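**Student:** Quick one: sequence plus predicted model below, questions after.
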Amino acid sequence: MFFAYMFVDVMSPLQELLEVRLGWSPTAFGNYAGAEYMLNVFGFLIVAGIILDKMGVRFTGTLSASLMVGGAVIKLYAISPLFVGTAFDGWLSSWWTAMPGSAKLAALGFMIFGCGCEMAGITVSKAIARWFDGKEMALAMGCEMALARLGVFAVFSLSPRLSQALGGDPSVVVPVAFCTVLLLIGLICFIVFTVMDRTLDRQTGVGSGETSSEEEFKLSDVGGLFRSRLFWIIALLCVLYYSAIFPFQRFGTNMLQCNLGISAETAADLLRWFPIGALMLTPPLGYCLDKFGRGATMLILGSLLLIGCHLVFALLLPAVPSQILALVTILVLGVSFALVPAALWPSVPKVMDKRYLGSAYSLIFWVQNIGLFGVPILFGNVLAASNAGVTDPMEYDYTNPMLMFAGFGVLALIFALWLKILDTRKHYGLEAPNIASDTAVEAAEAESAEE
Ligand SMILES: NCCCC[C@H](NC(=O)[C@@H](N)CC(=O)O)C(=O)O
């Protein structure tokens, strides 16, 4: 997941370079960014859930890592001189001219990569939920997400520098090639893990139980989940919250450049602190959730912070173009980005039947992917419509698109409040700790001994 998240954002700090070098307008960049989720939205994630439940973690993990490498290679080819300027590029550029040929082919590669990345995401979530059931599940998920955030921090630090590593004109090829090699290393590591895991199973004579039928994906469960009010509240909270987070990560560098009049490198250096706040806080918050509970309250607080931060980016930063203000807001947004994921993902096993937990994760990811697919496209269009006639990528006015993010935050807050009210009425246990306290366990043991 570390290398996967690096690859997801490798081009985010290079939006200006892509516009100058390859002619990608904000709309083309938005379309490219949304493509990551396109095949998932059109049903791949549901298939991925079935594959995971039928074939298990080893097979699905290897398949997802292979898809990521395949997609990355296509994207690398699309932006390289091997493709740009060729007859194929000319043909691809000749229709739907808003998207240059390189953007179209890169979007195709990103689509395939996105299938692998999301498939890996549900595989990891289900594996952790099973391995840490009744134990430090939120801490384990928090550590996994912290590693992913470290990847984002690393790529925001490395990408602008790698683009200049060869001297001469800056290049988008070097950072993408670097991250593609990392994905290949990740695939090799996972294959080594599967071999070792299989060997251990053979030595101990214990099956991993990873395809146990009690948790098998059933199509009838999908219908049941879609009829569940709780499923929709969680899925809609998830899609609204993340729609104001991941697309922001992608467009944030240029937003800071335009508001502060700084280079892409300086802007990326500011933005990289966003995942760092989340990186440092998600594991301890996960630990607190395991020990003391308060999951629904964390969701409300995280949504409130999200709204405040996007309002600052939309209204205050253009009026007060201060790097300190930008940094403080980015750090607070990082706190929000720790609170919500730390509480949201471990809450799913609390309210969904274990039997269809894999389906529940894949369907929540599916609804989330619809937003993550559509919002960058919407964002690119809102940005373009608010900046008619602006040709300098340093001159865009980001007020309207950032207000749109704040609006998503308000809706997420409404769903978080609804969840808390339902939890108070129906006692789902969202505010309860994941690990029963020692005294509670002792009391339960004493009770069963008496019986
Ligand atoms: N074990 C938690 C998994 C979810 C982490 C979550 N990622 C996602 O929601 C992805 N579907 C989104 C993406 O890959 O873009 C996160 O907080 O990173």
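**Tutor:** Good, I have the coordinates. Numbering: from 1, shown residues only.
**Student:** which residue is nearest the middle of this protein?
**Tutor:** Geometric centre of the chain, nearest residue: residue 246, 6.1 Å, by CA atoms, centre = their mean.
**Student:** Who are the contact partners of the residue in the stretch 101-250 of the chain positioned nearest to the ligand?
**Tutor:** Residue nearest to the ligand within the stretch 101-250 of the chain: residue 125 (4.1 Å; CB to the nearest ligand atom). To be clear about C-beta, it is placed using only N, CA and C from the backbone, and glycine gets the same treatment. Residues near residue 125 by CB atoms under 8 Å, 6 or more residues apart in numbering: 141, 345, 348, 361.
**Student:** what does residue 160 give?
**Tutor:** Residue 160 sits in contact with 13, 14, 264, 265, 268, where contact means CB under 8 Å, 6+ apart.
**Student:** let's see it at 10 Å
**Tutor:** 13-14, 17, 170, 175, 253, 263-269, 272 (CB atoms under 10 Å, 6 or more residues apart in numbering).
**Student:** Once you drop chain neighbours, what's closest to it?
**Tutor:** Of all residues not flanking residue 160 in the chain, residue 265 sits nearest, at 4.3 Å (CB to CB, 6 or more residues apart in numbering).
**Student:** what bits of the protein have low per-residue confidence?
**Tutor:** Residue ranges of the chain with pLDDT under 70: 206-219, 436-451.
**Student:** Close to the ligand: what parts of it are there?
**Tutor:** Residues of the chain lying near the ligand by CB under 6 Å from any ligand atom: 117-118, 121, 124-125, 141, 144-145, 148, 242, 246, 341, 345, 365, 368, 372.
**Student:** in the stretch 151-300 of the chain, which spans are helices?
**Tutor:** Taking DSSP state H, counting those that start in this stretch, the helices of the stretch 151-300 of the chain run over residues 173-204, 219-226, 229-243, 246-260, 264-271, 273-292, 295-311.
**Student:** now do the stretch 351-451 of the chain
**Tutor:** Using DSSP H, counting those that start in this stretch, helices in the stretch 351-451 of the chain cover 357-386, 399-426, 438-450.
**Student:** Of all those, which one comes closest to residue 91?
**Tutor:** In terms of CB to CB, the element of these nearest to residue 91 is helix 357-386, at 23.7 Å.
**Student:** in the longest helix belonging to the chain, what counts as buried?
**Tutor:** Longest helix in the chain, counting residues (DSSP state H): helix 45-79. Neighbour-count burial for helix 45-79 flags 45-46, 48-53, 56-65, 67-79 (criterion: 16 or more other CB atoms under 10 Å).
**Student:** and if you look at stretch 79-95?
**Tutor:** Counting neighbours by 16+ other CB under 10 Å, stretch 79-95 gives 79, 83, 84, 89, 92, 93 as buried.
**Student:** Closest one to residue 130 out of the contacts of residue 160, please.
**Tutor:** Closest approach between the contacts of residue 160 and residue 130, by CB to CB: residue 272, at 33.2 Å.
**Student:** My understanding was that the closest one contacts residue 151; is that so?
**Tutor:** No. Using CB atoms under 10 Å, residue 272 makes no contact with residue 151, being 11.1 Å away.
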